[in-house]
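In: Got a sequence here, can you model it:
(2 chains)
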Amino acid sequence: DAGITQSPRYKITETGRQVTLMCHQTWSHSYMFWYRQDLGHGLRLIYYSAAADITDKGEVPDGYVVSRSKTENFPLTLESATRSQTSVYFCASSEQRGTEAFFGQGTRLTVV
Amino acid sequence: QQQVKQSPQSLIVQKGGISIINCAYENTAFDYFPWYQQFPGKGPALLIAIRPDVSEKKEGRFTISFNKSAKQFSLHIMDSQPGDSATYFCAATYGGGGADGLTFGKGTHLIIQP
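Out: Residues are numbered from 1 along each chain as shown, chains lettered A, B, ... in the order given. Model (predicted):
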């Protein structure tokens, strides 16, 4: 199916463990984004990518690592998960800068 | 520093009424202002968007009003229906240089009572 898919949908992990959230889009959009959604904070940008092998920090990048070796994939890694990283994570993509972004269904991550 | 301020946090409207959600922004470089609708367990979905060269945009029951001088924009939902009950986010971004991605307001939880 065309679109943007995230996996897993739900994940429980322990403090200190490494966890990777996957994001795949089928549109060949240049731009991809990772947001986290927390009650009272709305959606905050973690990292973004303008093209393969080009990534940059957003508003809340600490504790996260991204890579983009292929245009269609944009994984987000928590190198050593902390309880404060418990959140719902959304991946998004857009064709051009400053235009509509399409969101995935989200990954609910719980760090215990 | 919050660049997009959204109000109210929550809103209850009777079926058939008008729902109004307001946003204010600080960065005058913003040139794209979308509204997203989010249902529980789902990702945000674009509802309607506007660029600052127009003061109003209407799509069906949804209207964005834009006031460039006041740096404010609002979403009006006419004839509100129970199916409109969701969380609404305003956002802003720009196509020029600098940080990419959308800057979101904190969201409005809208409930339409039957």
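In: measure the residue of chain A found nearest chain B to residue B:31 for me?
Out: Chain A approaches chain B most closely through residue A:98 (2.8 Å), counting by C-beta to the nearest C-beta. All C-beta spots, glycine's among them, are computed from the backbone N, C-alpha and C. According to C-beta to C-beta, to the nearest Å, residue A:98 and residue B:31 sit 6 Å apart.
In: more crowded one of those two?
Out: residue A:98 (19 against 15; other C-beta atoms under 10 Å in any protein chain shown).
In: how about the residues of chain A near chain B?
Out: A:31, A:33, A:35, A:40-45, A:48, A:50, A:56, A:58, A:90, A:92, A:96-106 (C-beta under 8 Å from any C-beta of the partner chain).
In: If we use 6 Å, what do you get?
Out: For chain A, the residues in contact with chain B (C-beta under 6 Å from any C-beta of the partner chain) are A:33, A:42-43, A:45, A:48, A:58, A:90, A:97-98, A:100-101, A:103-106.
In: Quick one: the strands in chain B, in order.
Out: B:4-7, B:10-14, B:19-25, B:33-38, B:45-50, B:56-59, B:62-67, B:72-77, B:86-92, B:103-104, B:108-113 (DSSP state E).
In: Minimum distance to chain A: which of the ones you listed has it?
Out: strand B:103-104 (4.4 Å).
In: residues making contact with that closest one?
Out: Strand B:103-104 has contacts (C-beta atoms under 6 Å, 6 or more residues apart in numbering or on different chains) with A:42-43, B:3-4, B:89, B:91-92.
In: Mind doing that once more with 8 Å?
Out: A:35, A:42-45, B:3-4, B:25, B:27, B:30, B:36, B:89-93 (C-beta atoms under 8 Å, 6 or more residues apart in numbering or on different chains).
In: Can you tell me which helix or strand of chain B has the lowest average pLDDT?
Out: strand B:103-104 (a mean of 92; mean pLDDT, DSSP states H and E).
In: Leaving out the residues flanking it, which one is nearest to residue 105?
Out: All of this is about chain A. Nearest non-adjacent residue to residue A:105, counting by C-beta to C-beta, 6 or more residues apart in numbering or on different chains: residue B:43, 5.1 Å away.
In: oops, I was thinking of chain B
Out: residue B:6 (2.8 Å).
In: who's the one you found bridged to?
Out: With DSSP bridges as the criterion, residue B:6 is bridged to residue B:23.
In: Please determine how far it is located from residue A:22.
Out: Counting by C-beta to C-beta - residue B:6 and residue A:22 are separated by 30 Å.
In: Let me see the contact set for residue 82.
Out: Looking at chain A here, since you left the chain open. Residue A:82 touches A:15, A:63, A:111, counting by C-beta under 8 Å, 6+ apart.
In: if you could check chain B rather than the one you did, that'd help
Out: Counted by C-beta under 8 Å, 6+ apart, residue B:82 has contacts B:15, B:112-114.
In: Residue B:49 is in contact with residue B:32, correct?
Out: Yes. Taking C-beta atoms under 8 Å as the definition, residue B:32 is a contact partner of residue B:49 at 6.5 Å.
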